[in-house]
Each structure stands twice: as structure tokens, then as C-alpha cells.
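Peer 1: here is a sequence together with a model predicted from it:
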Amino acid sequence: MKAVLIHAFNVRPELVTVPDPAAPDDGVVVQVGATGVCRSDWHGWVGHDPDITLPHVPGHELAGTVVAVGREIRKWKVGDRVTVPFVSGCGRCHECQSGHQQVCDRQFQPGFTHWGSFAEYVALHHAEQNLVALPDDLDFVTAASLGCRFATSFRAVVHQGRVRAGEWVAVHGCGGVGLSAIMIAKALGAGVVAVDIDETKLGLARQLGADILIDSRATPDVAGAVRDSTGGGVHVSLDALGHPETCANSIENLRTRGRHVQVGLLLAEQRRPPIPMDRVIARELELYGSHGMPAHAYPEMLGMIRRGALQPERLLGQRVSLEESIDVLVNMNRFQERGVTVIDRFV
Ligand SMILES: [Zn+2]
Ligand SMILES: [Zn+2]
């Protein structure tokens, strides 16, 4: 099969031909119909992810068709249209047994712990519990875009942030994660404050229903501006970028007893940001992490998509070929992403 192969960190990957994967006993092989290109793939390529061993094939936001099943698989068959959370739980550890497969102790992550979906085919372990059946009317490109950003935002807003109608939500960073969060918070009936440094992204935030836009480059005190414009602060705030500054702003713009959700990854030298813990104590703030979403939570999200309450296709950016994805990947840190880039051509 054709695959994008990373031979060395920070060295341009190559499109190569490698052997087709075989189905593991507890897994399946999926013919990739579409796969998203994500900042996490860039982090992996430059060497920020300790799970990756070389040579490596990136890609974790996939949708496609099952073409082979392992001998332990009962629920799935050849021809099934599926997607999979970027964290697949082992099914046996305490977290999996408690329904928290997204923080499994022995997680399988395509594109990180194993070869991923920047390829014609991908082998998926622990498939019995982790595959998600796609509705017939949901195309592969849209399904791939649910990948990690939309699903992670869904969990962050709905399950961790527990956003309710009438509440204020601040979203710091309006990339794929942030724009998804804005759409989801609006669908729940919340008011949304969108914060970014980029006018185009703030324009997209407005189109998705954001009520208040804050250009953080033109605003010396972002947290103060959010508090002033929402009558004392937001109920729920997300750092959707993953940066010490957006993390601190997200905590400082909360109203008393507000909830901060850290969705953006903090890696390398930024992984231990200063937290305004004085404010956390004095105002009884709640801090949460959000790390993907388990397969059993997908029907709730897919149901909102089928009802038209959520329209993830509005977040799609460019569609590229497997070969073109290499340029997108290596330039990811230099150019601001505008919507979700999806690979939909593999030969
Ligand atoms: Zn587990
Ligand atoms: Zn991703």
C-alpha cells in the first residue's frame, strides 16, 4: 500500500510503498476513506510524542470501510463503514471497565502507538469495543473531521464543562478545536465569547454563532475584557489552543465557581504552565482536562449531527491527496490552519 512514512523526526516524510497490514486477532483492517491532518500529527513528526517509534506512519482521524477482521472479532464484518476514537481503550483496565476508555492505562492510538491512517489501509487493535458505526448518510470526509478535534470538543463542552442553556462559555483559540466548541456550545443554548489573534478565525467564529469576539492582540487584558462583557465572567471556559497564556486567561476569565476545561495540548517546554491557583481557591473554580471521547459516547454526538443541531461539515477546510498531505503536515506550525484539512485521495 501507499503510506506517508516518517524516517526521522523533523525530516520531511516520504510517500512510499509498504506491505499491506494484516488484521490483529483483536482488530480489523480499515481501508481509509478519509483522514484528517491534525496538529498532533505535527507534534509527532517533530518528536514531541514519546509514544512514537521510527519509522512511523502518522494519522489518527480516520473513517473508512472494514476490509478484514481478526479471529476474535464478532461485532464487525467486512464492508462496515466505521470511524474510531483516537484513543482506543484496552477494554480490561479499571478505566475501561468504568467507561473511561479515553484515559485507558494501555491505550492504542493509531498514528502514535502504532502506524496510523496516512495510508491506504490501517490496522486497528481493540476493535470490538472501540469501532463506531457510521450512519449511511454521513460521508467519510465529514466523519474523519469528527476525528479528535470535534469529538474532543464535544466531550469538553458537554461532559466535562457541563454547559447548560443560558450560560456563558469562553473559547480561547479558534482553530479546529475552538470552532467545534463554539458550534457545540451554541447548539446547547449557551452564549459564546470567542478569543483569537486572527481576524479571519474570529470571522469564522462569528459565522458559527459566537456572540462576542475578542481580538487578543488588540486587548491588553483579555480576561478582564471577557469578565466585563459577560457581567462578571463566564461559567465555562476552554483553552482550545494549548498555550500558557490562553490557559491562564481561560482560568482568570471565569466567574466564581466557574469551570475551566483544558483541551489544547501543552507539550515540550510549555507543558507546565503557571496556573493562577490563588483565584482557583478564592473563587472555588473547577479545572478539568479533556482527552478524546470514548466510542460509547459517539451516538449522542452523531444523533445531534443527524438532527442538524451540529454541522461539522461547516468546519471542513481543504481536501488533499496523500502526497499533498506531506506539505500540509510539515508546514503546520508556520501557517494558521483554516478549517480541518482532510486527505480524501490515496493513490
Ligand atoms: Zn483500558
Ligand atoms: Zn487530531
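Peer 2: Cool, the structure landed. Numbers count the residues shown, from 1 in each chain. Ligands and ions are numbered 1, 2, ... in the order given.

Peer 1: where do the helices sit along the protein?
Peer 2: According to DSSP state H, the chain carries its helices in the segments 39-46, 94-97, 127-130, 140-145, 151-154, 176-187, 199-207, 222-229, 244-252, 277-282, 298-306, 322-330.

Peer 1: near ligand 2, which residues of the protein are found?
Peer 2: Listed as neighbours of ligand 2 in the chain under the rule CB under 5 Å from the ion: Cys38, Ser40, Glu61, Cys148. Just so you know, the C-beta spots here come from the backbone N, C-alpha and C atoms, and that holds for glycine as well.

Peer 1: turn the helices of the chain into JSON lines, columns for mean neighbour count and mean pLDDT.
Peer 2: What follows is the helices of the chain, written out as JSON lines (neighbours: other CB atoms under 10 Å; pLDDT from 0 to 100):
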{"stretch": "helix 39-46", "mean neighbour count": "22", "mean pLDDT": "93"}
{"stretch": "helix 94-97", "mean neighbour count": "16", "mean pLDDT": "97"}
{"stretch": "helix 127-130", "mean neighbour count": "21", "mean pLDDT": "96"}
{"stretch": "helix 140-145", "mean neighbour count": "24", "mean pLDDT": "95"}
{"stretch": "helix 151-154", "mean neighbour count": "28", "mean pLDDT": "96"}
{"stretch": "helix 176-187", "mean neighbour count": "28", "mean pLDDT": "96"}
{"stretch": "helix 199-207", "mean neighbour count": "17", "mean pLDDT": "95"}
{"stretch": "helix 222-229", "mean neighbour count": "19", "mean pLDDT": "98"}
{"stretch": "helix 244-252", "mean neighbour count": "23", "mean pLDDT": "98"}
{"stretch": "helix 277-282", "mean neighbour count": "12", "mean pLDDT": "96"}
{"stretch": "helix 298-306", "mean neighbour count": "17", "mean pLDDT": "96"}
{"stretch": "helix 322-330", "mean neighbour count": "18", "mean pLDDT": "96"}
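
Peer 1: and the residue nearest to Leu287 when sequence neighbours are not counted, how far from Ile305?
Peer 2: Using CB to CB, 6 or more residues apart in numbering and skipping the chain neighbours, the partner closest in space to Leu287 is His260 (5.0 Å). Separation of His260 from Ile305 (CB to CB, to the nearest Å) stands at 27 Å.

Peer 1: now do Arg279
Peer 2: Distance from Arg279 to Ile305, counting by CB to CB: 37 Å.

Peer 1: which residues touch the residue nearest the centre of the chain?
Peer 2: Centroid-nearest residue in the chain: Arg149, 2.1 Å away (criterion: CA atoms, centre = their mean). Going by CB atoms under 8 Å, 6 or more residues apart in numbering, Arg149 touches Gly36, Cys38, Glu61, Gly175, Gly176, Val177, Ser180, Val340.

Peer 1: mind checking pLDDT for the fourth one?
Peer 2: Looking back up the chat, that one is Gly175. Gly175 is assigned 88 on the pLDDT scale.

Peer 1: cool, and the last one?
Peer 2: In the predicted model, Val340 carries a pLDDT score of 87.

Peer 1: quick one: it and Leu315 touch, right?
Peer 2: Yes: using CB atoms under 8 Å, Val340 is in contact with Leu315, at 5.4 Å.

Peer 1: who has more neighbours, the two?
Peer 2: With neighbours defined as other CB atoms under 10 Å, Val340 and Leu315 compare such that Val340 has more, 29 against 25.

Peer 1: quick revisit: separation between the residue nearest to the centre of the chain and Ser237?
Peer 2: Arg149 is 18 Å from Ser237, by CB to CB.

Peer 1: then Glu300?
Peer 2: From Glu300 across to Ser237, the span is 23 Å (CB to CB).

Peer 1: who touches Gly36 in this structure?
Peer 2: With contact set as CB under 8 Å, 6+ apart, Gly36 has these partners: Glu61, Leu62, Ala144, Ser145, Gly147, Cys148, Arg149, Val340, Thr341, Val342, Ile343.

Peer 1: just give me the closest of those residues to Asn333.
Peer 2: Asn333 lies nearest to Thr341 out of those, by CB to CB, at 13.9 Å.

Peer 1: ok, that closest one - how many residues close by?
Peer 2: The burial count assigned to Thr341 is 21, neighbours taken as other CB under 10 Å.

Peer 1: run through the bridge partners of the residue nearest to Leu287.
Peer 2: Assessed by DSSP bridges, His260 has beta-bridge partners Ser237, Leu287.

Peer 1: ok, it to Asn253 distance?
Peer 2: Distance of His260 to Asn253, computed by CB to CB: 9 Å.

Peer 1: same check, this time on Ile182
Peer 2: The gap separating Ile182 from Asn253 is 16 Å, by CB to CB.

Peer 1: and Gly339, backbone torsions?
Peer 2: Here is the backbone geometry of Gly339 (degrees, to the nearest 10): phi 80, psi 170.

Peer 1: check contacts around it.
Peer 2: When contacts are counted by CB under 8 Å, 6+ apart, Gly339 is found next to Gly176, Leu179, Leu204, Leu315, Leu316, Gly317, Gln318.

Peer 1: alright, calling it a day.
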